[in-house]
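K.L.:
quick one: sequence plus predicted model below, questions after.
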Amino acid sequence: MNTTITPVNSVEYDFVLEIPATELTPFIENKLRQVAKKATMPGFRPGKIPKQLVKKLYGEAAAFEVVDKFVKDTFEDEVSENPAYEAFGTPQMTVFEYAEGQDLKVVIRFGVYPKFELSTLEGVQVSRLVNPVTPEDVQGQIDYMLLRESTLEHSDEVAGEKSVLTTNMVELDAETNEVKVLGGNEENATIVMNDPNLLEVFKTALLGKKAGDVVQVTVKHEDDVHVHQRVWQVTIKKIQERNIPELTDELAAKISQDQVKTIEELRQLLEEQETAAREKRSNDLVDNKIINEALKANVFEVPASIVQSMLDHYVKTYKEEQMRKSGGKLPDSYDENQYRLSQTKNAEHAARWMVIRDKIVTENEFDILEEDYQAYYDDMAASLGFANSDLIRSVLQQSNDDKFHREMEEKILSKKALDFLRSTITVVEKSRADFEKERINQEITFLEQQEAEINAKVTELEGGTEEDVARDLQEDLAGIRMEIEEMKQELANVSSEVDVKTE
C-alpha cells in the first residue's frame, strides 16, 4: 500500500491511496470466508456452500466492502486524525479506479482551515444611516390603514384622480387597428387612477371619461434598435370612488387590534414601531459593511467544498421559496447552473466570513451564555410581535430540531463576532441624503474600476485573433459607461434635492 498527500493550493490537498491487487486479495478472501459461514441457499446446509459459488455470488460485493474499509480507515489515520491537517469541509473523491482482481487507486481532495493572522479593523470608518421618523411618515402609515378600511361606492361622475375603474381591455393590431386574435385581452380589469405604477398614457386617456366610454391607448417602448408599440381599446364599465372613513378612537383601537385606545396612542405606537424597524435596518446595514471590511482586511482562500456546500444551501432555499410562492412549481426561466454561477461570489464571501467569525470566537474565547440565549429569544419575540419571550423560549427549548439549534448558536456567535468588530471601528452617523450620496459614489467607483479593467482587455485584444471577444467587451464597456452616467445623474438629483431643502 502506498499513500501520498500533495498540496493543490493553500487550503486543499489530494490524498492518494494505491493498493496492489496482491495486497487486497487476502483481505477479500477472508471476507468471503466470513460470508460463507453465514450464507444460506436452498440445497446446501448453512455454511456449506461451495467456495466458487460463494465467490460468484458475493465476490464483487465483498471486494468493494473491503476496498471501502481500506479507504475510510486509511484516510482517517493519515488525515482526519493527523494534527498536521485541520480538515475543513466535506472530502470529495475525485478518482476511483478499481475492478475485481485489479489494483486500487483512489484520490480524495480535502480542505483545511486557512492559516492567517486576523487583521484589525482599528481606524476603519463605517457609515450608519440616521433616518428619524417624521409626523408625515406616521400620517402616511395611518392613511394606508384607512385606505384598507375604505369601501368602494358607485359613482355616476366622470373618472377623477382617485377613481377606481372596472374596464374591458382589448389589444389591437398596431397597423390594422383590428382586434388581435392572440392579444392580451382582459375582462373586468381594475384600474386605480392614483396607482403610482399606472402608465401616464392610461391616466391621461381615462381622466374625465364616464362609464360606457371607449378610449384607445398606445403604449410605446424603445430599445437600442426599434420602437415597439402596443395599442389597447379600453371600455369603461363602471366607475367607483373610495369612501375613506374618518379616524376615530374606536377605529384606532380596531386597526391596532386593541393595542391602543386613542388616536394619539396610535400615532405614538406607529412612531415607536417604525423607529425600531429603521434602527434595525440601519444596524443590519452597518453589520454588512463591517463584514465587507473584515473580508477586505483578511484575504485568504477557502476550500472549494465549503463554497459548494454554501451554493447547495442557496439552491435548496431558493427552490423551496419559489415553489412555496408558485404552488410547487419552479419558474420556467430557472436555470440552476446560471443561478449557481450568479451566487458563487456570495458563497465565497459567506464561507470566508464564517472562517473569520470562528477565528474571532476562538481567539477571544467567546462562549454562549444563558443571557445570550435569552437575548435571542427576546429578539425573536419582538420580531413576531409578542409582548414577551416566555412562549418562544418554552417552544424552542423543547424542540428536538438539532439543525435549528445549530443555526441559533451560529447566529449568536456571529453577533458576538460582529459586536467585537464593531467595538474596534468608528461608526459615523449620516443623514439619508449623505448616506445615499456615499452609496452612489461607491457604485460609481466600482463601475469605473470595471470600465478600466475591460478597457485594458479590449486594448490588448484589438487587432489580434480574438476580435469577436473584443467586440463583445466593447458592448459591455458601453453598457457600463451608460450605467456610470445614470449613477452620476442620480447623484446630481440627490444633491439638488438637498440644496432645495436647505434653501
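P.N.:
Structure's in. What do you need? Residues are numbered from 1 along each chain as shown.
K.L.:
just for this structure, where's the confidence low?
P.N.:
183, 222-227, 463-465, 498-503 (pLDDT under 70).
K.L.:
can you pull the contacts of Ala106?
P.N.:
No, residue 106 isn't Ala; it's Val. Residues in contact with Val106 (C-beta atoms under 8 Å, 6 or more residues apart in numbering) are 16-18, 71, 93, 95-98. Quick note: C-beta positions are derived from backbone N, CA and C, even for glycine.
K.L.:
go again with 10 Å.
P.N.:
Residues counted as contacts of Val106 (C-beta atoms under 10 Å, 6 or more residues apart in numbering) are 3, 15-19, 67, 70-71, 74-75, 93-98.
K.L.:
of those residues, buried ones?
P.N.:
Neighbour-count burial (16 or more other C-beta atoms under 10 Å) applied to these gives 15, 17, 19, 67, 70-71, 74-75, 98.
K.L.:
and of these, the nearest to Leu269?
P.N.:
Taking C-beta to C-beta as the measure, Leu269 lies nearest Phe75 of these, at 60.4 Å.
K.L.:
OK, contacts around that closest one?
P.N.:
Counting by C-beta under 10 Å, 6+ apart, Phe75 touches 3, 15, 17, 81-82, 87, 91, 93, 106, 108, 110.
K.L.:
swap the cut-off to 8 Å and go again
P.N.:
15, 17, 91, 108 are the contacts of Phe75 under C-beta under 8 Å, 6+ apart.
K.L.:
repeat that for Gly208.
P.N.:
Residues in contact with Gly208, defined by C-beta under 8 Å, 6+ apart, are 158-159.
K.L.:
can we see that at 6 Å?
P.N.:
By C-beta atoms under 6 Å, 6 or more residues apart in numbering, Gly208 lies in contact with Val158.
K.L.:
kindly report the same for Ile239.
P.N.:
Contacts here follow C-beta under 6 Å, 6+ apart; on that basis Ile239 touches 155, 159, 163, 165, 211.
K.L.:
tally of neighbours for the nearest residue to Lys55 once chain neighbours are set aside?
P.N.:
Leaving out its chain neighbours, the residue that sits closest to Lys55 by C-beta to C-beta, 6 or more residues apart in numbering is Leu32, at 6.0 Å. Residues within reach of Leu32, counting by other C-beta atoms under 10 Å, total 21.
K.L.:
would you check that Leu32 makes contact with Ala62?
P.N.:
Yes: taking contacts as C-beta atoms under 6 Å, Leu32 lies within contact range of Ala62: 5.2 Å.
K.L.:
can you list the domain ranges for this protein.
P.N.:
What the record gives for the chain is the domain set 2-111, 151-243, 301-349, 431-502, from automatic domain parsing.
K.L.:
mind giving me CSV with these and columns for distance to Ile255?
P.N.:
Shown next, in CSV, are the domains of the chain (distance: least, C-beta to C-beta, whole Å):
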stretch, distance to Ile255
domain 2-111, 51
domain 151-243, 15
domain 301-349, 28
domain 431-502, 28
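K.L.:
strands of the stretch 301-450 of the chain, residue ranges please.
P.N.:
Taking DSSP state E, counting those that start in this stretch to define them, one finds strands in the stretch 301-450 of the chain at 426-430.
K.L.:
where along it do the helices fall?
P.N.:
Ranges of helices in the stretch 301-450 of the chain, per DSSP state H, counting those that start in this stretch, are 304-325, 336-363, 370-383, 390-398, 402-422, 432-461.
K.L.:
redo those helices as JSON lines? Include mean neighbour count and distance to Asn188.
P.N.:
Compiled in JSON lines, the helices of the stretch 301-450 of the chain are given as follows (neighbours: other C-beta atoms under 10 Å; distance: least, C-beta to C-beta, whole Å):
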{"stretch": "helix 304-325", "mean neighbour count": "15", "distance to Asn188": "25"}
{"stretch": "helix 336-363", "mean neighbour count": "16", "distance to Asn188": "37"}
{"stretch": "helix 370-383", "mean neighbour count": "15", "distance to Asn188": "39"}
{"stretch": "helix 390-398", "mean neighbour count": "13", "distance to Asn188": "45"}
{"stretch": "helix 402-422", "mean neighbour count": "15", "distance to Asn188": "46"}
{"stretch": "helix 432-461", "mean neighbour count": "15", "distance to Asn188": "41"}
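K.L.:
mind checking which of these is nearest Asp143?
P.N.:
Asp143 lies closest, by C-beta to C-beta, to one member of those: helix 432-461, at 21.0 Å.
K.L.:
figure out how far the helix or strand that comes right after the closest one is from the centre of its chain.
P.N.:
Using DSSP states H and E, the helix or strand that follows helix 432-461 in sequence is helix 467-502. Relative to the centre of its chain, helix 467-502 is centred 26 Å away, using C-alpha atoms, centre = their mean, to the nearest Å.
K.L.:
next, the buried residues of helix 467-502.
P.N.:
Buried positions in helix 467-502, judged by neighbour count with 16+ other C-beta under 10 Å: 470, 473, 477, 480, 484, 487, 490-491, 494, 498.
K.L.:
tell me who's in contact with Glu451.
P.N.:
So Glu451 contacts Ile480 (C-beta under 6 Å, 6+ apart).
K.L.:
let's see that with 10 Å instead.
P.N.:
476-477, 480-481, 483-484 are the contacts of Glu451 under C-beta under 10 Å, 6+ apart.
K.L.:
what pairs with the strand ranked longest in the chain, parallel or antiparallel?
P.N.:
As assigned by DSSP state E, the longest strand anywhere in the chain is strand 227-243. Paired neighbours of strand 227-243 in the sheet (DSSP bridges): strand 151-154 (antiparallel), strand 164-172 (antiparallel), strand 214-222 (antiparallel).
K.L.:
and after that strand, which helix or strand comes next?
P.N.:
Where DSSP H and E defines the elements, the next helix or strand beyond strand 227-243 is helix 249-255.
K.L.:
so which elements touch that next one?
P.N.:
Counting contacts by 3 or more C-beta pairs under 10 Å, 6 or more residues apart in numbering; DSSP states H and E, helix 249-255 packs against helix 135-149, helix 263-297.
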